[in-house]
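Enquirer: Would you be able to build a 3D model of this:
(chains A and B)
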Number of protein chains: 2
Amino acid sequence: MTEENDQVVLDEEHKDGDDAYSLQPKNVAAILYAVDIGDRERLVELMEPLHPADIADLLEQINAFDRMRLIKLYDKEFDGDILSELDESIREEVIHALHPAVLADAVRELESDDVVDLLEDLDQAQQEAILEVLDNQDRVAVEKSLTYPEYSAGRLMQREVVMAPEHWNVGEAIDYLRSTEGLPEQFYHIVLVDPKLRPIGNVALGRLMASRREILLRSLISDTFHVIPVTRDEGEVAYAFNQYHLISAPVVDENERLVGVITIDDAMAVLDEEHEEDILRLAGVGEESRLSDSVLETVRQRLPWLAVNLLTAVLASLVIAQFEGVIAQVVALAVLMPIVASMGGNAGTQSLTVAVRALATKDLTGSNVWRIIRREAAVGLVNGATFAVVMGALEFVWFGSVMLGVVIAAAMIINLLVAGLAGIAIPVILERLKVDPALASGTFVTTVTDVVGFFAFLGLASLVLL
Amino acid sequence: MTEENDQVVLDEEHKDGDDAYSLQPKNVAAILYAVDIGDRERLVELMEPLHPADIADLLEQINAFDRMRLIKLYDKEFDGDILSELDESIREEVIHALHPAVLADAVRELESDDVVDLLEDLDQAQQEAILEVLDNQDRVAVEKSLTYPEYSAGRLMQREVVMAPEHWNVGEAIDYLRSTEGLPEQFYHIVLVDPKLRPIGNVALGRLMASRREILLRSLISDTFHVIPVTRDEGEVAYAFNQYHLISAPVVDENERLVGVITIDDAMAVLDEEHEEDILRLAGVGEESRLSDSVLETVRQRLPWLAVNLLTAVLASLVIAQFEGVIAQVVALAVLMPIVASMGGNAGTQSLTVAVRALATKDLTGSNVWRIIRREAAVGLVNGATFAVVMGALEFVWFGSVMLGVVIAAAMIINLLVAGLAGIAIPVILERLKVDPALASGTFVTTVTDVVGFFAFLGLASLVLL
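Expert: Below is the predicted model:
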């Protein structure tokens, strides 16, 4: 079966080039047609080659009405992994739509860390309904995991760990593995532990298999080995996996005892989510924003950021209002002033994006922050001088005033310099104050560049032209 | 040794909380002091606990002068993996600084895929210098990889693959692994191949070890198995790893023959880079932008985007210029007009960021694009209506004109509706035209919202107030 499917995947890949991995619109159409005519057999046949992650994507892409009908028709074919892959925004809806018996079967198939992930976002009543269908051992494991803080290593880890005492040799380890029932489905290392159950090293399965039976495990441990405290933030865990190329890492409690293991696939998913949140925050969109959100939900997420933007825009307008007199006399000022503000806003956004990313990847630190601030100031001056010349000339061609050309050139230099400095300083200061720089930097920086841009341009104009 | 180091890592983690993984500024200071006084022994001692990725970060954070002195003093301790981890922007500089004999040793330690990664960005002369120090077999492998397109699976894969014929049983596979010299350092699956060397399934090492010798490998293959064509774009490869939770995947040539394998750690690094590029592109910063770039390099990357922004800002100014007459009569228009444009720009950026992300994660497709466009339009109307009321009232309090309040309210609704539509339509159209939406959407969308904002506000004002 798998073999046949793979061949299909391969062929499609060759045909469709870059788009091979995504759910194809023509498949979606065929599936929705099967739902329309209530053809269960055809539906199951069409869904068969899809990975649970693809089915989850499908459910996210179609509307709520089709979703409900599809779930009812698909019925007991519904796999637990689909629930794990589903976006939180529609997970509750799907859980409600499932027949209780189907839900119970689906949940029982899942590994304990996936059940934890599922439960986190449900309300109390739903949590209990799901916990009830688990067998005793799984329920205890899940409940224990839920005692760790949200977004911590404790929530991310799987509790099934393959470990061995540090004094064992290869033969003992292999015999142990062969005789143990219920090893985890996927594991890549054996964790060596001391008598107090503290992890002291990882042995890769590949090295184990390639070594003679009498070799000590201790002599085979990998160079790179990281131990993760159970309370560590999952974002930091993902960072460590990416930075140190970890494949799996043991998790320890406050007594440094081994309590679980995190594997790279879970870390990769966290890395992906963190990036998503960063991008959405930088744009002033709620980080929980999902494509499947309703209109009202979307409004609720975006309106607060627009309200903050309104405040800063009004602040900039108050600056303009101080110069109504000069604008009434020289209307060209009203025509040109948005250019100065806009260039400052863009240059500031460039600097702040670089700064926010560098803070997230720990590339911007106390060791180099002053050097980078100097660099941004220099870049602001060079860009400012360049566009000062361009805009000064453009103004002269357009309006024919030498003095106004000088004013806009000077304002441009001032605003791009300030933009460079604010773009780096504001994220750094926010980070020091423990405020997420991705969340708040944009508003502060564009407020600064708007206010400084209008004030410098109009202020210089009043001095020079009146 | 490793054991001792790990203990140190663990203790530091407990002490420093969230910051545990990054290179600590106090370590950097101590290292630079050792370089200052030329104390090689102390330098080596301080560098010893650092992972090559940390050393690379260190070299990126310090200035060029210190970097040079550190490399000279560190001399033959310099590890090949540091080169792999280094940012491209300073890799060439570091390679130049290394003594040729040290460079040769460093390169010889690397796996073939790391050497390929290293060579990609070097000029012809440097490439040849490095290829020369490799032994024959490695050189051939590296040269073969370099024939694949840049950013393709062929460049990303390692050529060392552990494979087995499909008819083998567990015992045969284990005996083969035990008797084979030079297995790859890390591998997690055995790839089953048919007689034509086409991959037909993966067997996880964990399952292999836990199974009896007479079990057929074919019965142990993993459910999820993806075959990757050698020419596939690395971004698509990373997407597949993340979507389908792959740990390793075989790579095939145009005849579907196995030529290499890609592992999840390399896919994770690609995912991280792609995200970085997306964020930098969205902000109009060259995607190659690095913190270690010089002032001139940074100017070179950012100036083109500012120039594009200048053009769009001038376009908006041309719109304003059409209404000089009405502005001269009602200066309040000049005060209020940036608010309408700014709100539109922000709302447009929100929509476009969601759209660009959803396109990148393949969540926005032909199946749901119309639904999302309708949603964005509805969100634009609701937000527009909200801020129309707020701004209309604010205008009345500020300037006392009912008509001007109506004008700004109407302009706000129009511009936020247009912002929502442009924010979704422009990225989708760019994607269809095979232009990277992250790169170009921002400019288009803010141009639209500026032009529409000024035109709607000033145009309505001329109709109503004159």
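Enquirer: how many other residues sit next to residue A:340?
Expert: Applying other CB atoms under 10 Å in any protein chain shown, we find 27 residues neighbouring residue A:340. The way it works is simple: take the backbone N, C-alpha and C, and place the C-beta from them, glycine included.
Enquirer: Pretty sure residue A:411 is one of the things it touches, is it not?
Expert: Yes. Between residue A:340 and residue A:411 there is a contact at 4.9 Å, judged by CB atoms under 8 Å.
Enquirer: Need the overlap of contacts for the two.
Expert: A:453, A:456, A:457 (CB atoms under 8 Å, 6 or more residues apart in numbering or on different chains).
Enquirer: Just the buried residues of the helix or strand encompassing residue A:251, please?
Expert: Assigned by DSSP states H and E, residue A:251 belongs to strand A:248-252. Buried residues in strand A:248-252, defined by neighbour count with 16 or more other CB atoms under 10 Å in any protein chain shown: A:248, A:249, A:250, A:251, A:252.
Enquirer: Which strands and helices lie in contact with that strand?
Expert: Counting contacts by 3 or more CB pairs under 8 Å, 6 or more residues apart in numbering or on different chains; DSSP states H and E, strand A:248-252 is packed against strand A:199-204, strand A:228-229, helix A:234-244, strand A:258-263.
Enquirer: again, only using 7 Å
Expert: strand A:228-229, strand A:258-263 (3 or more CB pairs under 7 Å, 6 or more residues apart in numbering or on different chains; DSSP states H and E).
Enquirer: Including mean neighbour count, could those go into CSV?
Expert: Shown next, in CSV, are the helices and strands packed on strand A:248-252 (neighbours: other CB atoms under 10 Å in any protein chain shown):
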stretch, mean neighbour count
strand A:228-229, 24
strand A:258-263, 24
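Enquirer: Out of those strands, the one nearest chain B is which?
Expert: Checking the helices and strands packed on strand A:248-252 against chain B by CB to the nearest CB gives strand A:228-229 as the closest, at 6.0 Å.
Enquirer: about what we covered before: can you tell me what sits against the strand holding residue A:251?
Expert: The contact list for strand A:248-252 (CB atoms under 7 Å, 6 or more residues apart in numbering or on different chains) reads A:153, A:157, A:188-189, A:191, A:199, A:226-230, A:258-264.
Enquirer: So which of those would count as near chain B as well?
Expert: The subset of the contacts of strand A:248-252 within reach of chain B, by CB under 7 Å from any CB of the partner chain, is A:188, A:226, A:227, A:229, A:264.
Enquirer: who wins for most neighbours among those?
Expert: Going by other CB under 10 Å, residue A:264 tops these with 25 neighbours.
Enquirer: Just list the residues touching that one, thanks.
Expert: Applying CB under 7 Å, 6+ apart, the residues contacting residue A:264 are A:241, A:246, A:247, A:248, B:264, B:265, B:268.
Enquirer: do that again at 8 Å, thanks
Expert: Neighbour list for residue A:264: A:241, A:246, A:247, A:248, B:247, B:264, B:265, B:268 [criterion: CB under 8 Å, 6+ apart].
Enquirer: Contacts only, for the third one.
Expert: Taking CB under 8 Å, 6+ apart, we find residue A:247 in contact with A:188, A:189, A:204, A:263, A:264, B:186, B:188, B:264, B:265.
Enquirer: what does the model give it for pLDDT?
Expert: As predicted, residue A:247 sits at a pLDDT of 92.
Enquirer: Phi first, then psi, for it.
Expert: Main-chain torsions, residue A:247, degrees, to the nearest 10: phi -100, psi -40.
Enquirer: just the second one next, same as before
Expert: Dihedral angles phi and psi of residue A:246 (degrees, to the nearest 10) take the values phi -80, psi 150.
Enquirer: excluding its backbone neighbours, what's nearest it?
Expert: Excluding its sequence neighbours, the residue lying closest to residue A:246 (CB to CB, 6 or more residues apart in numbering or on different chains) is residue A:226, at 5.8 Å.
Enquirer: want to throw the helices and strands packed on strand A:248-252 into CSV with mean pLDDT?
Expert: CSV is the format used below for those (pLDDT from 0 to 100):
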stretch, mean pLDDT
strand A:228-229, 95
strand A:258-263, 94
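Enquirer: Just send these back as TSV, with distance to residue A:109 too.
Expert: Shown next, in TSV, are the helices and strands packed on strand A:248-252 (distance: least, CB to CB, whole Å):
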stretch	distance to residue A:109
strand A:228-229	27
strand A:258-263	19
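Enquirer: Which one of these lies nearest to residue B:275?
Expert: Residue B:275 lies closest to strand A:258-263 among the helices and strands packed on strand A:248-252, at 20.4 Å (CB to CB).
Enquirer: packing partners for the closest one?
Expert: Under the contact definition 3+ CB pairs under 8 Å, 6+ apart, strand A:258-263 sits against helix A:153-156, strand A:189-193, strand A:248-252.
Enquirer: So which bits of the shortest one are buried?
Expert: For helix A:153-156, a neighbour-count test (16+ other CB under 10 Å) marks A:153, A:154, A:155, A:156 as buried.
Enquirer: Relative to chain B, which of these is nearest.
Expert: For the buried residues of helix A:153-156, the nearest to chain B is residue A:153 (10.9 Å; CB to the nearest CB).
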